[in-house]
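J.: The following block contains a protein sequence and its predicted model.
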Amino acid sequence: MTFDLKDYRTALGSFATGVTIVTTLDSNGNGHGLTVNSFTSVSLEPPLVLWCLGNKSDSFDLFSKCDAYAINILSDSQGEMAMRFAGKGDQKLAVGEYAALETGSPILPGTIAAFDTKVAKRIEAGDHLILIGQTMAYQSHQGQGLAYFSGQFGSTAALAKS
Ligand SMILES: Cc1cc2nc3c(=O)[nH]c(=O)nc-3n(C[C@H](O)[C@H](O)[C@H](O)COP(=O)(O)O)c2cc1C
């Protein structure tokens, strides 16, 4: 079968996900973030999670070499933030815009959960790098998540228990 890349991406987009901002610190201690929906939980014991970093990303150098990152799971009111960190430039976090748990990676306010991880393994896979992290600390809050489906943002509110 020959693949039309655009059509293939559209087919992949029919898998609904949540939306995260993955954050880390650069060597000067500045916080950076990247919008990511390839996050998944891998293992409970030990607690491992992963996400996939595109090798064309301007942030590739930073995230591919970092020793720790945090996964911030966005609430349904954080669509604008998702767009900000999906764009080119302006992906630096201002001091005071975030907190820290154990590794120092930026923990963003207003999310429904955050996982603070140390990088456990890096696996090259085609045009992406799989970054497996061990969760060192986490937090979770009540609220509805930001959903992503077929290129559109939405809310998990429709799934809420009545
Ligand atoms: C909903 C959504 C999900 C995304 N998921 C990923 C992802 O899993 N991995 C990734 O490398 N980029 C992902 N991106 C793209 C990055 O956010 C985008 O490449 C980046 O922010 C653009 O700047 P950069 O050149 O610094 O990467 C996603 C974008 C959006 C809007």
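T.: Structure's in. What do you need?

J.: What's the separation between residue 65 and the ligand?
T.: 15 Å (Cβ to the nearest ligand atom, to the nearest Å). C-beta coordinates here come from the backbone N, C-alpha and C atoms, glycine included.

J.: before we move on, what about residue 51?
T.: 6 Å.

J.: ok, now residue 44?
T.: Distance, residue 44 to the ligand, using Cβ to the nearest ligand atom: 22 Å.

J.: likewise residue 50?
T.: For residue 50 relative to the ligand (Cβ to the nearest ligand atom), the value is 10 Å.

J.: Tell me who's in contact with that residue.
T.: By Cβ atoms under 8 Å, 6 or more residues apart in numbering, residue 50 lies in contact with 38, 39, 40, 42, 130, 131, 132, 133.

J.: Who is it paired with across the strands?
T.: In this entry, residue 50 is beta-bridged to residue 40, residue 132, by DSSP bridges.

J.: With residue 146 instead?
T.: Beta-bridge partners of residue 146, counted by DSSP bridges, are residue 155.

J.: What ranges does this structure have for its strands?
T.: Ranges of strands in the chain, per DSSP state E, are 17-18, 20-25, 31-36, 40-43, 48-54, 68-73, 92-93, 113-125, 128-140, 146-149, 152-155.
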